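Undergrad: requesting a structural model of the entry that follows:
(one chain, ligands or ions: 1)
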Amino acid sequence: MAGKEGAKPRLLRYLKEHAGESIPYDALKAVAGDVGDWTRTLRSLRDDGYILDYDSSERCYYFPYVEPQNEPKDNRHINNKLRAMVLLRDNSTCRMCGRSVSEDGIRVHIDHIIPHSWGGKTELENLQVLCSECNEGKKNFVKGEDPELMKSVSRAKSAKERLRLYFERYRDTPLCTDRLSVIAKSREWTRALRYLREDYSMDIEYVPRSKRKGIEKEYYIYHTK
Ligand SMILES: [Zn+2]
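TA: Below you'll find the model as predicted:
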C-alpha cells in the first residue's frame, strides 16, 4: 500500500519520473495499486490535458510530456453553486421569453448559451436561465445543426465571420432570419451581413415575407450558381 496518496497523484508522479520512456502496462498497473478500474484514472489524466499514448502491440504506455499539452476537458455538469449564481443573476427569469418563476410559475433550466457540444464552456458567462418551453425549442434548434460546423462557428471572433462560415456551408439554401440572428449572436447582425456583402462580394439576397408568393418566413439566400 502506498499510504493515503490517491491512485491519481501516484500515477502522475510515476509517469513524470518516466516521461519519454516506454512504460509496460503491468508496471503502471502495479503503481495504480489495488483500485478497481484503474484505467479510469488514466482517462481522468487525459481529461486534464496530459498526453498518454498506449501501444497495444508492445503493451506499453508512453508519456511524452511532463506538463499538460491540451486544454483540460470541460465538464458539462453544472454544480449547485454555479446553478445558484445563474438563477440569482437572471432573477429566475427565462432569458428568451421573459417569464419568471414567481409570476408565471415556470420550471427553469440552466442552459449552455453556446451548447457544450459546440465547445461552449460551463462557466457563468455561458449559462442562462430558460423555461421548459424555450429550452425545448432551443434543443431542437441545436439538434438540427452539425456540431463540427458549429464548433468552428462558435470559435469565430466576429458576427461577420460566424455568418460567413454558415453561409459558405449552406450555399443556395434559404436561411431564415431567426436562425441567422442566433448564429451571429449579435443584435447588429444585419450590419454584419452588409459587411459580408461588401468585403467578400458575397451575393446574399434578402427575400421578404409575401402572402402572394406563399413565403411565410423572411429569409436570406447566398447565391453561388
Ligand atoms: Zn421561456
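Undergrad: CA only for contacts and neighbour counts going forward, please
TA: Will do.
Undergrad: need the contact list for the residue positioned nearest the centre of the chain.
TA: Nearest to the geometric centre of the chain sits residue 119, at 2.2 Å (C-alpha atoms, centre = their mean). Counting by C-alpha atoms under 8 Å, 6 or more residues apart in numbering, residue 119 makes contact with 151, 154.
Undergrad: would you mind measuring from it to residue 135?
TA: For residue 119, the distance to residue 135 (C-alpha to C-alpha, to the nearest Å) stands at 18 Å.
Undergrad: and the strands in this protein?
TA: For the chain, strands defined by DSSP state E occupy the ranges 22-24, 53-55, 60-62, 108-112, 127-131, 175-176, 204-207, 219-222.
Undergrad: what residues does the fifth one touch?
TA: Which is strand 127-131. For strand 127-131, contacts defined as C-alpha under 8 Å, 6+ apart pick out 86-87, 90, 92-96, 99, 106-113.
Undergrad: in this protein, which segments are predicted with low confidence?
TA: 1-4 (pLDDT under 70).
Undergrad: do a quick rundown of the helices in this structure.
TA: Along the chain, counting by DSSP state H, helices occupy 7-17, 25-32, 38-47, 80-89, 101-104, 132-143, 147-155, 159-169, 177-184, 189-200.
Undergrad: output the contacting helices and strands for the first one.
TA: Under the contact criterion of 3 or more C-alpha pairs under 8 Å, 6 or more residues apart in numbering; DSSP states H and E, the helices and strands touching helix 7-17 comprise helix 25-32, helix 38-47.
Undergrad: list the buried residues of it.
TA: By neighbour count with 16 or more other C-alpha atoms under 10 Å, helix 7-17 contains the buried residues 7-8, 11-12, 14-15.
Undergrad: ok, now the second one?
TA: For helix 25-32, a neighbour-count test (16+ other C-alpha under 10 Å) marks 25, 28, 31-32 as buried.
Undergrad: quick check: residues of this protein near the ion?
TA: 94, 97, 131, 134 (C-alpha under 5 Å from the ion).
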